[in-house]
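A.B. asks: My questions are about this predicted structure, shown below with the sequence.
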Amino acid sequence: MTLKKLFLFDIDGTLISPGSVSRGLLAKAISAETGKTVELGYNDVAGFTDRSITRNALAKLDHGGMVSEDLLATILDRYIASMESEFLTSDVPFVYGDCITLLEAVEKAGHATCLLTGNLKPISKIKLEKFGLWDRFKFGIFADDAEEKSSMPRLAREKAWDVLAESYRLENMVLVGDTAQDAEAANENGCESVIVCRKPEKRELIESVNPTFLVDDLSDQAVVSAVI
């Protein structure tokens, strides 16, 4: 059996597709608190945390010098409330079957798993409970813990000791994601990465940051065998 690893699973674009539902609700929450129209596209949210997305949107509205923790908290609380009522009833989000295949292979091989996501913890729970996936993970690192993904792998390493009483070298941690930012976070921390390219137009950008593995399908058996 190979040395036990810790696999860090991203949510949006990796485990599930939220469609435009969650970013639309966050945009509405920002608009409600600022009185200004806000639209968030894929490039505004992919690879970023809920807190950094909100902060960047406020900066574009000339709130850059006025962004307080109170304002951020108010917007994000409104966002969470709207997700609780609207995301769960939407038929737009769906699960990526290839990621579930990888997750099952990782679990079967006896490796540990956790979440590593730019979503706030309550948002992550809403998204994954919709598909019965929340309880598959014993812990996670969320936007509540760090505003930038680059600091998350080390936090996951520390939390793994607290939750699992197991210690992992950074080189024995594998970040599973779908963006260049995910690959960068892995590289900056000396972790491996498996990045799935869900959008062909993003392949060149992802390739430029040198992920360990770049795939079109997370159930690719060659990659699964290599990483597990």
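C.D. replies: Nice, thanks for sending it over.
A.B. asks: Please tell me how far the helix or strand bottoming out on mean pLDDT in the chain is from the chain's geometric centre.
C.D. replies: Least confident helix or strand, the chain: helix 42-45 with a mean of 82, by mean pLDDT, DSSP states H and E. Distance of helix 42-45 from its chain centroid, counting by Cα atoms, centre = their mean, to the nearest Å, is 13 Å.
A.B. asks: Give the other helices and strands that that helix contacts.
C.D. replies: helix 21-34, helix 50-58 (3 or more Cβ pairs under 8 Å, 6 or more residues apart in numbering; DSSP states H and E). C-betas here are computed from N, CA, C, even on glycine.
A.B. asks: Run through who's touching it.
C.D. replies: Contact with helix 42-45 is made by D12, R23, L26, I53, N56, A57, K199, as judged by Cβ atoms under 8 Å, 6 or more residues apart in numbering.
A.B. asks: which of the residues in that helix are buried?
C.D. replies: Of all the residues in helix 42-45, those buried under the rule 16 or more other Cβ atoms under 10 Å are D44, V45.
A.B. asks: What are the phi and psi values at the closest residue to E33 other than its chain neighbours?
C.D. replies: In space, and not counting its chain neighbours, E33 is closest to I75: 5.1 Å by Cβ to Cβ, 6 or more residues apart in numbering. Main-chain torsions, I75, degrees, to the nearest 10: phi -60, psi -50.
A.B. asks: separation between I75 and K121?
C.D. replies: Plainly put, I75 is 16 Å away from K121 if you go by Cβ to Cβ, to the nearest Å.
A.B. asks: okay, those two: which has more neighbours?
C.D. replies: I75 (24 against 16; other Cβ atoms under 10 Å).
A.B. asks: tell me the pLDDT at the more buried one?
C.D. replies: I75 carries a pLDDT value of 92.
A.B. asks: From here on, call the first residue 18.
C.D. replies: Let's use 18 as the start, then, which means that last one is I92.
A.B. asks: Might you report the residue contacts of it?
C.D. replies: L43, A46, I47, E50, T71.
A.B. asks: V193 in helix, strand or coil?
C.D. replies: For V193, the assignment made with DSSP: H, G, I helix; E, B strand; the rest coil gives strand.
A.B. asks: my guess is it meets F24, correct?
C.D. replies: Yes - using Cβ atoms under 8 Å, V193 is in contact with F24, at 6.0 Å.
A.B. asks: How about S37: what's its closest non-neighbour residue?
C.D. replies: Closest to S37 by Cβ to Cβ, 6+ apart is V109, at 7.4 Å.
A.B. asks: Wasn't that neighbour part of a helix?
C.D. replies: No - checked against three-state DSSP, V109 lies outside a helix; its state is coil.
A.B. asks: residues near it, how many?
C.D. replies: 12.
A.B. asks: ok, now which ones touch the residue lying closest to G41 once chain neighbours are set aside?
C.D. replies: Leaving aside its sequence neighbours, G41 sits nearest to L57 (Cβ to Cβ, 6+ apart; 7.4 Å). Residues in contact with L57 (Cβ under 8 Å, 6+ apart) are R40, G41, L43, A44, I70, A74.
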